[in-house]
Structure formats: C-alpha cells, structure tokens
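Asker: Sequence and predicted model, in that order:
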Amino acid sequence: MKRLMTALLAAVMTVTMAGTALAAEDPAALLERVTQKANELDSMDCDLGVHAVMVMQDPEMDLDLSLNLDMMMNMKMEQIKSGNLRYKADMAMEFLGQTEYATVFYKDGYYYMDSNGEKIKYPMDLNSMIASVEQTTAAADLAPSLMKSLSVREEGENRVLSYVADPAKMNAYVQDALKPLLGSMDVGMIIREVKGEYVINKDDYYTSMNMYMVMDMSSYGETLRIIMLLEGNFNNPGQPVNLELPSTDGYSDLSTYYGTSRGSSGATGPAAEIW
C-alpha cells in the first residue's frame, strides 16, 4: 500500500503539471502571455485539496472494498528564480480513520520534514533538485498533443480553460515521466479519464483549477481503482509571498544512515520516497 500511495502522489503531480503546460499553450495569443508571466514568477502561494476514493476488489468475498483519502495542503515558494529557493508546505491527510499532519520545507541545501512531531532532515542540492523536477516534467511541452478537446470561455473578467485528455496518450506520457520518480518500484498504472479547468484572471495569471481523474494502479498483485478530484487556488498571483520558515533546531540528520551527501541527486534514501 505504501508503494501505491507514493506512486499515486507522484502521478497527481505529474498529471497536474501536464495540464498546466497545456493551459499555457492554446489558444496561442492568450496563453503565450500566461506562460510568460507564470515563468517569470519568483514566488508562489497555493492551496490544494484532494479527495480520492480507492476501490479494491476482494476475491474471497466477491465484493469491492472502498477507502477514502482526503488531503489539504498549503504550499509557498519564494526566490524561485533569484537562486536561493525557500519552500514550505503544510499538509493534513485523513486515511483509514487516522489524520496525519506534516510540515516540510527546504532551506540552505537541506530538506526538512516534521511529521506528527518526528523531525528529520537530509541534504538535497538545489541544482540537483531542480534538475530532477525538470527531467520529470520535460514532456509537459508536448501536453497539447495529449488532449482530446480544449476550449476557452469568458466568465466576467476571467477566462476559463477546459480540457479533456486522451487516456491512451496520457498513459504513455505518465509512464515516461514517472520513470525517474518510481525507479525499480513494481507499480503499474492505467489512466482511464482526465478532465479539468483552469481559471485565468484579467492580469493573465492562473487563479484556480480543478481536475477529475480516474486511474487503475497495481503493485505486487494488488490493484486499486482510484477516482480523484483535485481543487486548487493560487493566492494573490504576481504578489510577493510572505514565507516564514520554522526553526531548524531539533531535526535528526539522516544523511549518515542513507549515505547521501550534499550534491546528490536525491535518488536514494528518503528523497526517493518523496520524489
């Protein structure tokens, strides 16, 4: 189950990034401006909510078992372009009747995590971190080719971009994009449906999004049908972000245990679980 959850979170981020790239490219006149402005942002503040229903078949009882997962996250980033990335995310997740809280942040070459009071840190080189993300999202430039339909409509001062993905093309994209994330994990994935919308304000910034996705994920003989709704808000886009990082005191350095060192790609140790 842990492997499936890791793969699920990776898939969510990958498909979301693909949809964002799509929204930024078509129709060309409007969305070229949106892309340019988004790429120039040095800070970001967004809220993301995920509601997922996971259905697993029980062959012994000949019935389907369903589990609910709900997650809320606030993510802030600053100095994205100016070379000294500061990042913080506060998360709450409810699953199997338990609620987990976590705060993660990046500062001065270290990734910090406080999960229900358990504090750990490990070195993560900024350039390697950015390179890993860019490698994962490189295929996003091809996102328009993944779509069955794409349209834009006016709503007051805003424009709403709606899209429906081609499941077969999206499957190929996700499989390729997730290779560096999942490594040798025995995880299979089939996307059944992806559709959603992005709202663009009068200043050509994204202000909100929603995405509906259905996929099957399998690992070591277990298969889950996942029905998911994602909703996000981009807070005050284009404005500076007030990011206050927690104290770095009291965090156990795991680099000794996992053999990581400053400048590593993050492919081993706890980084492999996150990225």
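Answerer: Yep, that arrived.

Asker: buried stuff in stretch 64-72?
Answerer: Using 16 or more other Cβ atoms under 10 Å as the test for burial, stretch 64-72 gives L69, M71. Just so you know, the C-beta spots here come from the backbone N, C-alpha and C atoms, and that holds for glycine as well.

Asker: Contacts made by it with the rest, please.
Answerer: If you take Cβ atoms under 8 Å, 6 or more residues apart in numbering as the criterion, stretch 64-72 is touched by 47-58, 91-96.

Asker: Are any of these buried, and if so which?
Answerer: L48, V50, A52, M54, M91, M93, F95.

Asker: hang on, Q175 in a strand?
Answerer: No. Counting by DSSP: H, G, I helix; E, B strand; the rest coil, Q175 is not found in a strand; it is helix.

Asker: Is it in contact with I191, as I believe?
Answerer: No. Using Cβ atoms under 8 Å, Q175 is not in contact with I191; the gap is 9.5 Å.

Asker: Pick out whichever of these two has more residues nearby.
Answerer: For the pair Q175 and I191, the greater number of neighbours falls to I191 (24 against 14), based on other Cβ atoms under 10 Å.

Asker: And that one, how far from D70?
Answerer: Plainly put, I191 is 21 Å away from D70 if you go by Cβ to Cβ, to the nearest Å.

Asker: In three-state terms, label Q36 for me.
Answerer: helix.

Asker: Near it, how many other residues are there?
Answerer: Neighbours around Q36, by other Cβ under 10 Å: 11.

Asker: Next: D249.
Answerer: Neighbourhood size, D249 [other Cβ under 10 Å]: 6.

Asker: Check the one 5 residues further on too.
Answerer: Under the neighbour criterion other Cβ under 10 Å, L254 is assigned a count of 18.

Asker: likewise N171?
Answerer: So N171, with other Cβ under 10 Å, has 17 neighbours.

Asker: any idea of the pLDDT on it?
Answerer: For N171, the model assigns a pLDDT of 86.

Asker: can you give me phi and psi for it?
Answerer: Dihedral pair for N171: phi -60, psi -50, per degrees, to the nearest 10.

Asker: hey, where'd the helices end up in the stretch 101-250 of the chain?
Answerer: In the stretch 101-250 of the chain, the segments counted as helices under DSSP state H, counting those that start in this stretch are 126-136, 167-182.

Asker: can you tell me which of those the model trusts least?
Answerer: Looking at the helices of the stretch 101-250 of the chain, the lowest mean pLDDT belongs to helix 126-136 (a mean of 55).

Asker: Go through the buried ones among the contacts of stretch 64-72 and name the one nearest F234.
Answerer: Taking Cβ to Cβ as the measure, F234 lies nearest L48 of these, at 9.9 Å.

Asker: distance of Y122 from L243?
Answerer: Per Cβ to Cβ, Y122 is found 21 Å from L243.

Asker: Which of the two has more residues huddled nearby?
Answerer: Y122 (26 against 16).

Asker: What pLDDT does the model give the closest residue to that one other than its chain neighbours?
Answerer: Leaving aside its sequence neighbours, Y122 sits nearest to L254 (Cβ to Cβ, 6 or more residues apart in numbering; 4.6 Å). Predicted confidence (pLDDT) for L254: 88.

Asker: L254 is in contact with K119, isn't it?
Answerer: No. In terms of Cβ under 8 Å, L254 does not count as a neighbour of K119; the distance is 10.6 Å.

Asker: shared neighbours of the two, anything?
Answerer: Counting by Cβ under 8 Å, 6+ apart, L254 and K119 have no contacts in common.

Asker: Quick one: neighbours of R159, just the number.
Answerer: For R159, the tally of surrounding residues (other Cβ under 10 Å) stands at 19.

Asker: Count the residues that sit near the nearest residue to it once chain neighbours are set aside.
Answerer: Residue nearest to R159 in three dimensions, not counting chain neighbours: I200, with 4.7 Å by Cβ to Cβ, 6+ apart. Close neighbours of I200, defined as other Cβ under 10 Å, add up to 25.

Asker: wait, doesn't M77 sit right on P240?
Answerer: No. Distance between M77 and P240: 11.8 Å, which falls outside the contact criterion (Cβ under 8 Å).

Asker: No further queries at this time; thank you.
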